[in-house]
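J.: Model the following, please.
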Amino acid sequence: MLTAAVATRRPLLPVFVLDPETEAIGAAAKWRLGLSLAAFADALAGIGLRLTLRRGPALATLEALVAETGAGGVWWSRLYDPEAVARDTGVKAALKTAGVEAHSFAGHLLHEPWDIETGDGGFYRVYSPFWKAMRSRQIPAPAPAPALSLAPLAAHGTGPAPRSDRLADWRLGAAMNRGAAVVERHQAVGEAAARARLALFLSGPVARYSEDRDVPGLPATSRLSENLTYGEIGIREVWHGGLRAREEGQPGAEHFLKELAWREFAYHLVHHTPHITRANWRPEWDGFPWHGDSPDAERWRRGLTGEPFVDAAMREMYVTGTMHNRARMIAASYLTKHLMTDWHVGLSWFADCLTDWDPAANAMGWQWVAGSGPDAAPYFRVFNPAGQAEKFDADRAYVGRFVAELAPHPGRDALDYFAAVPRSWGLDASRAYPAATIDLAEGRARALAAYAARKT
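T.: Prediction:
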């Protein structure tokens with residue numbers, strides 16, 4: 001988008017609109033958005049541009065800016081969740097009707113979600129054939145930054161610069177309360193930090209990614225999900241970094257590329273079946289007797305289930321803003337299967353607490369684990385948290401890092417959990433670790449009986 005905008009040689013006005021759809025995202029994501037906007041504003045200032053901030057409905061806000069500035073066009077990068085599509089479709093139609101150029105550009109994904117089709121022109125419902133189809137397609141390298149300085153373009157405008165809100169006045173982090181100071185230590189904000197993360201990953205961990213990516217106690221993953229969420233690094237730059245690693249013979253690179261394709265698959269499904277973000281992808285699951293919210297679910301939310309691997313996962317999220325992928329599967333399986341709780345409960349909580357929240361990945365991940373989604377885990381797959389800990393955290397590095405009550409000398413991350421969570425929970429590190437919420441064998445048997453009854 002930026003390259004195309006510079007090529008017009010017209011004055012540019014970078015704008016971010018905090019519309020109701022964006023303002024409705026979860027507490028952690030909204031706070032992290034504020035950090036990203038501050039970094040973006042600083043980057044723009046370095047090339048002579050000011051980021052204009054406005055709050056309000058997208059169409060009305062943009063119409064007002066067009067009237068104030070005499071702008072001839074509004075250009076933006078596309079998003080693909082149902083709310084964004086509905087908003088952007090309406091904005092584009094109204095602007096064009098008013099005689100204003102309105103262009104949306106790809107950039108959030110490697111491919112547009114409608115570009116990859118089955119042999120009969122349909123969409124893929126299973127990941128493996130989607131990956132096979134995607135793997136054979138060429139993905140253009142990312143465009144270089146525009147060679148033309150943008151500062152002279154800004155000077156070509158007429159009249160004063162339009163009013164901009166103060167980012168601090170938006171109070172995007174208000175709902176984070178005291179947790180913000182804890183989580184901020186684990187964020188890598190902005191383009192330079194994202195590129196440094198990618199370089200670090202490609203310089204070492206990618207080689208053993210296939211073997212180590214499931215071990216949450218190891219620094220084995222790229223940790224770029226946070227940066228991809230806020231557009232701080234382009235997905236094509238990440239993809240081509242993985243391609244170079246594969247060409248250099250790094251054995252884990254192919255699996256890394258497959259994980260990037262999993263993200264693409266999530267958006268492929270959101271485009272073709274947008275109900276996945278809010279309802280069972282498979283309608284036959286609509287009558288399944290999941291429990292609603294409950295005291296057991298509250299213990300899960302607080303990281304107090306009495307299952308160390310599950311509790312470590314939840315506490316990692318409160319301390320770092322993210323959660324290791326293997327841990328996400330274990331925590332989600334425990335909630336939906338051992339505790340028989342509706343996946344919507346977990347989806348909503350992750351949406352509120354993750355700084356790398358992604359509407360497509362969050363929805364598909366929860367439904368994959370619960371069994372109600374596409375390419376889902378078989379109903380009889382009930383992850384055993386204790387068994388998973390033995391396999392993937394045998395040295396207890398992960399549990400020891402985040403569960404203070406089980407560590408002889410708890411470190412900063414374990415203790416930071418108590419500093420991050422709400423005071424109303426009344427927690428401190430001196431309390432005893434809780435007893436198990438449910439016997440694992442009993443919970444598994446109950447889940448299997450309910451799942452089997454649905455199949456008959």
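
J.: list the contacts for Arg396?
T.: 389, 406 (CB atoms under 8 Å, 6 or more residues apart in numbering). (Each C-beta comes from the backbone N, C-alpha and C, glycine too.)

J.: Repeat that for Tyr433.
T.: Tyr433 neighbours (CB under 8 Å, 6+ apart): 306, 403, 405-406.

J.: what comes up buried for stretch 106-121?
T.: By neighbour count on 16 or more other CB atoms under 10 Å, the buried set for stretch 106-121 is 107-111, 113, 116.

J.: Just the buried ones from the contacts of Tyr433?
T.: Judged by 16+ other CB under 10 Å, buried ones among the contacts of Tyr433: Val403.

J.: Would you mind giving the contacts of Tyr433 as a markdown table with distance to Ser203 and pLDDT added?
T.: What follows is the contacts of Tyr433, written out as a markdown table (distance: CB to CB, whole Å; pLDDT from 0 to 100):
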| residue | distance to Ser203 | pLDDT |
| --- | --- | --- |
| Gly306 | 40 | 98 |
| Val403 | 31 | 98 |
| Glu405 | 36 | 97 |
| Leu406 | 33 | 96 |
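
J.: Just the closest of the contacts of Tyr433 to Leu51, please.
T.: Of all those, Leu51 sits closest to Val403, with 41.1 Å by CB to CB.

J.: residues contacting the closest one?
T.: Each residue near Val403 by CB under 8 Å, 6+ apart is listed here: 303, 308, 311-312, 315, 414, 433.

J.: What of Val15?
T.: 51-54, 62, 65.

J.: Kindly recompute the last result at 7 Å.
T.: 52, 54, 65 (CB atoms under 7 Å, 6 or more residues apart in numbering).

J.: For the spatially closest residue to Arg282 that is not a sequence neighbour, give me the pLDDT.
T.: Excluding the flanking residues, the one nearest Arg282 by CB to CB, 6 or more residues apart in numbering is Ser372, at 5.4 Å. At Ser372, the model reports a pLDDT of 93.

J.: what ranges of this protein fall below the confidence cut-off?
T.: 147-159, 377, 455-456 (pLDDT under 70).

J.: Which stretches in it count as strands?
T.: 15-18, 52-55, 73-77, 101-105 (DSSP state E).

J.: how about the ones you listed in JSON lines, adding distance to Leu440?
T.: Rendered in JSON lines, the data for these read as follows (distance: least, CB to CB, whole Å):
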{"stretch": "strand 15-18", "distance to Leu440": "45"}
{"stretch": "strand 52-55", "distance to Leu440": "48"}
{"stretch": "strand 73-77", "distance to Leu440": "45"}
{"stretch": "strand 101-105", "distance to Leu440": "49"}
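
J.: nearest to Ala266, of the ones you listed?
T.: strand 73-77 (17.8 Å).

J.: follow-up on the earlier one: for the residue nearest to Arg282, grab the count of nearby residues.
T.: When neighbours are counted by other CB atoms under 10 Å, Ser372 registers 24.

J.: who's in contact with it?
T.: Contact analysis of Ser372 by CB under 7 Å, 6+ apart lists 280-282, 285, 343.

J.: Go again with 10 Å.
T.: With contact taken as CB atoms under 10 Å, 6 or more residues apart in numbering, Ser372 is in contact with 276, 279-286, 288, 290, 336, 342-343, 366, 379.

J.: same check, this time on Gly190
T.: Neighbours of Gly190 in contact, by CB under 10 Å, 6+ apart: 35-36, 38-40, 42-43, 196, 227, 230, 232-233.

J.: Got a PyMOL select line for the buried ones in these?
T.: Command for PyMOL, covering only those of the contacts of Gly190 found buried under the criterion 16+ other CB under 10 Å:
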select buried, resi 35+36+38+39+40+227+230+232+233
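
J.: want to throw the contacts of Gly190 into JSON lines with distance to Ile139?
T.: Output for those, formatted as JSON lines (distance: CB to CB, whole Å):
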{"residue": "Leu35", "distance to Ile139": "29"}
{"residue": "Ser36", "distance to Ile139": "25"}
{"residue": "Ala38", "distance to Ile139": "31"}
{"residue": "Ala39", "distance to Ile139": "26"}
{"residue": "Phe40", "distance to Ile139": "25"}
{"residue": "Asp42", "distance to Ile139": "30"}
{"residue": "Ala43", "distance to Ile139": "25"}
{"residue": "Ala196", "distance to Ile139": "23"}
{"residue": "Asn227", "distance to Ile139": "19"}
{"residue": "Tyr230", "distance to Ile139": "21"}
{"residue": "Glu232", "distance to Ile139": "20"}
{"residue": "Ile233", "distance to Ile139": "15"}
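
J.: Ile233 against Asn227, yeah?
T.: Yes. Ile233 sits in contact with Asn227 when judged by CB atoms under 10 Å, with a separation of 4.8 Å.

J.: who touches both of the two?
T.: 190-191, 193-195, 197-198.

J.: So which residues of the stretch 251-400 of the chain form helices?
T.: Counting by DSSP state H, counting those that start in this stretch, one finds helices in the stretch 251-400 of the chain at the ranges 253-272, 295-302, 308-320, 325-333, 343-353, 359-370, 385-392, 397-402.

J.: Tell me which other helices or strands the fifth one touches.
T.: In this structure, helix 343-353 packs against helix 27-45, helix 295-302, helix 308-320, helix 325-333, helix 359-370, with contacts taken as 3 or more CB pairs under 10 Å, 6 or more residues apart in numbering; DSSP states H and E.

J.: Could you report the distance from the residue nearest to Ala279 when sequence neighbours are not counted to Ala145?
T.: The spatial neighbour of Ala279 that comes closest, neighbours along the chain excluded (CB to CB, 6+ apart), is Asp286 at 7.7 Å. Distance of Asp286 to Ala145, computed by CB to CB, to the nearest Å: 49 Å.

J.: Fine, thanks again, bye for now.
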